[in-house]
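Q: A predicted structure for the sequence below; I have some questions about it.
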Amino acid sequence: MVRAVLTMLVREGCESSFEEIWRKAMKAPPRGSLGQAMMCDEKQRRLYVITGDWESRDALEAFEGSAGRQAMSAAFEPLRESASKQVLELIARA
């Protein structure tokens, strides 16, 4: 299993639009997805962290190359100031 962690700073006033785009995209979870979550920082409301668990790195890479992901990314682009991504491998779970 791998976990993708996206950290995004959304432009002021774009929070609701950003959340709505993500919610619509997640109504039909991508193939290979084990679950997605969106969180925000209570003190810095424009800072979002989105986590996605994937069956494998191959499943994540297939999603990253998909038309659905490209459309979602294009919709997010004008709403965000910055973005970063990490892909982490599961080592252990308690």
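A: Ah, there it is. Numbering: from 1, shown residues only.
Q: ok, which stretches of the protein are helices?
A: If DSSP state H is used as the criterion, the helices of the chain fall at 15-25, 57-64, 67-76.
Q: Give me the distance between Arg11 and Leu60.
A: 27 Å (Cβ to Cβ, to the nearest Å). Backbone N, C-alpha and C define where each C-beta goes, glycine included.
Q: Of those two, give the one with the bigger neighbour count.
A: Leu60 (21 against 14; other Cβ atoms under 10 Å).
Q: Quick check, the more buried one in contact with Gln86.
A: No. Between Leu60 and Gln86 there is no contact under Cβ atoms under 8 Å: 11.8 Å.
Q: Pull up the overlap in contacts between these two.
A: Residues touching both Leu60 and Gln86 (Cβ atoms under 8 Å, 6 or more residues apart in numbering) are Ala4.
Q: Can you list the low-confidence ranges for this protein?
A: For the chain, no stretch is flagged by pLDDT under 70.
Q: mind running it again at 90?
A: For the chain, the stretches flagged by pLDDT under 90 are 25-26, 28-30, 41, 68-69, 72, 90, 93-94.
Q: buried sites along stretch 49-68?
A: Neighbour counts over stretch 49-68 (16 or more other Cβ atoms under 10 Å) mark Ile50, Gly52, Asp53, Trp54, Ala59, Leu60, Phe63 as buried.
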